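In: using only what follows, build the 3D model:
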Amino acid sequence: MSNEFNINKIFEAFKKYGIDKTFINEILLPDWWTPEVTNTKAGYLQTISILAKNLGIHIENLLTDPENISLKKTLPIKYKTAKNVHIDSKNIWVQSLYIRISELIEKTFSFQYKELPEDSLEIRNEIIEKYGKINLENVLEFLWTAGIPVLFISEFPRGIHKMDGMVINFKGRPIILVSQNRKQSAWVLFIISHEIGHIIKKHISESEPIIYDTEFEQLDDDAEEVGANQEALRFLTGQDDPNFIDGTFDSSYRLANLARKISSSVNVDAGTIVLNYAYATKNYSLAQQALKVLDPKADAVNLVKSKMKNYLNFDSLSEENFEFFTKITAMADNRIETIS
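Out: Coordinates of the predicted model:
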């Protein structure tokens, strides 16, 4: 074993794959771990085993040739990013996240996946008939009971541009991941609706199982992103080209009050009406103020996490798996701070 007892060589090797030492210490390794653990062969091997598991790496490869990491699965990723965003092709975290989340969902979630209709209006009508209207809580409830987990992922290595949303296909089951940490539900609802658009348009498959979305609202030249946005709008509003509010406002209270009135007629959360106005006018500052008026105590991230707690069976996880899962989802503590 050429790298025996030299954990720093492993840490150095991870750098070129986009995994920084802080991320290793705070997220990948358990809280009880200290560098002194690797002073013994048993402790060193245990450390390597934990790292290999949490990154989806073949442990034999990590022991013998850490400079050339071999993932358990090498999968194509559709990166949907603005032109000024670069994600190094050597960065393994997105594939590692796919591997680990898939393993953890398989252990903790027993609901059978019910394939979604290919018509977003049909899904919309089903939710309205069952729950009353389209809002974040109702959409989350619908997805979980349809066998589609929606997870909040907070922790990323420093070297990777954090996504807004991500959707994966694992053995035919879609899984939606959200990293946008805004408090107002309308933002998170749109991200999830966009990922629903990818699912019903069949942009993911078992051969192309990962879409990684950042700044997707800017990608007017990407056919899949345009299609997912169109389906998201139809799903949220029932219309292909919604334009609910004409004119401009100088008062967030007036905008919020009008959005409330309109929302009841189209069975959607008033925040969606406000975001539609923001997109049409590019006045995101006023829209953000109006969202705060609509729900000053909003906490979308905790709503997403509460559904995770309700539907996942954490008793089926080992202590180490549970700790890792709660770390990357910020369920373990209050490490993450949502933004307005």
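In: now stretch 311-323: buried residues?
Out: By neighbour count with 16 or more other C-beta atoms under 10 Å, stretch 311-323 contains the buried residues Y311, L312, L317, N321, F322, E323. Glycine gets a C-beta too; all of them are placed from N, C-alpha and C.
In: correct me if wrong, but Y212 is in a strand.
Out: Yes - the assignment for Y212 by DSSP: H, G, I helix; E, B strand; the rest coil puts it in a strand.
In: pLDDT score for it?
Out: What the model reports for Y212 is a pLDDT of 96.
In: D221 now?
Out: 79.
In: which of the buried residues of stretch 311-323 fall within helices?
Out: Judged by DSSP state H, the subset of these located in helices is Y311, N321, F322, E323.
In: mind listing the helices for the stretch 51-200 of the chain?
Out: 59-64, 93-108, 120-131, 136-145, 185-200 (DSSP state H, counting those that start in this stretch).
In: between those helices, which gets nearest to I210?
Out: With respect to I210, and counting by C-beta to C-beta, the nearest of these is helix 93-108 at 5.6 Å.
In: domains in the chain, by residue range?
Out: The record, using automatic domain parsing to delimit domains, assigns the chain the ranges 7-64, 97-242+299-328.
In: so of these, which one's packed in deepest?
Out: Of all the domains of the chain, domain 97-242+299-328 has the most neighbours on average by mean count of other C-beta atoms under 10 Å, namely a mean of 19.
In: and the end-to-end length of it?
Out: Using C-alpha to C-alpha, to the nearest Å, one end of domain 97-242+299-328 lies 10 Å from the other.
In: can you dump the C-alpha atoms of the helix or strand of the chain with the lowest mean pLDDT in CSV for me?
Out: Across the helices and strands of the chain, mean pLDDT, DSSP states H and E gives its lowest value to helix 59-64, namely a mean of 89. Provided in CSV are the C-alpha atoms of helix 59-64 (Å, rounded to 0.1, in the frame of the first residue of the first chain):
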residue,chain,number,x,y,z
ILE,A,59,-12.0,1.9,-2.5
GLU,A,60,-9.3,-0.3,-4.1
ASN,A,61,-8.5,2.5,-6.6
LEU,A,62,-8.3,5.0,-3.8
LEU,A,63,-5.8,2.9,-1.9
THR,A,64,-3.5,2.0,-4.8
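In: before we move on, back to that, any chance of the buried residues of stretch 311-323 in JSON lines, with distance to P30 and pLDDT too?
Out: Below are these laid out as JSON lines (distance: C-beta to C-beta, whole Å; pLDDT from 0 to 100):
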{"residue": "Y311", "distance to P30": "25", "pLDDT": "97"}
{"residue": "L312", "distance to P30": "20", "pLDDT": "97"}
{"residue": "L317", "distance to P30": "13", "pLDDT": "95"}
{"residue": "N321", "distance to P30": "10", "pLDDT": "96"}
{"residue": "F322", "distance to P30": "10", "pLDDT": "96"}
{"residue": "E323", "distance to P30": "5", "pLDDT": "96"}
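In: dump these into CSV; add distance to D240 as well.
Out: As requested, these are exported to CSV (distance: C-beta to C-beta, whole Å):
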residue, distance to D240
Y311, 32
L312, 36
L317, 43
N321, 44
F322, 44
E323, 46
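In: let me know the closest of these to L151.
Out: L312 (8.9 Å).
In: residue contacts, that closest one?
Out: I105, T108, F109, P149 (C-beta atoms under 8 Å, 6 or more residues apart in numbering).
In: ditto for S316
Out: K107, T108.
In: gap between it and E103?
Out: 12 Å (C-beta to C-beta, to the nearest Å).
In: same check on K327?
Out: 15 Å.
In: same thing with K80?
Out: 25 Å.
In: got it, and S318?
Out: S318 is 11 Å from E103, by C-beta to C-beta.
In: please apply the same query to P76.
Out: Distance of P76 to E103, computed by C-beta to C-beta: 19 Å.
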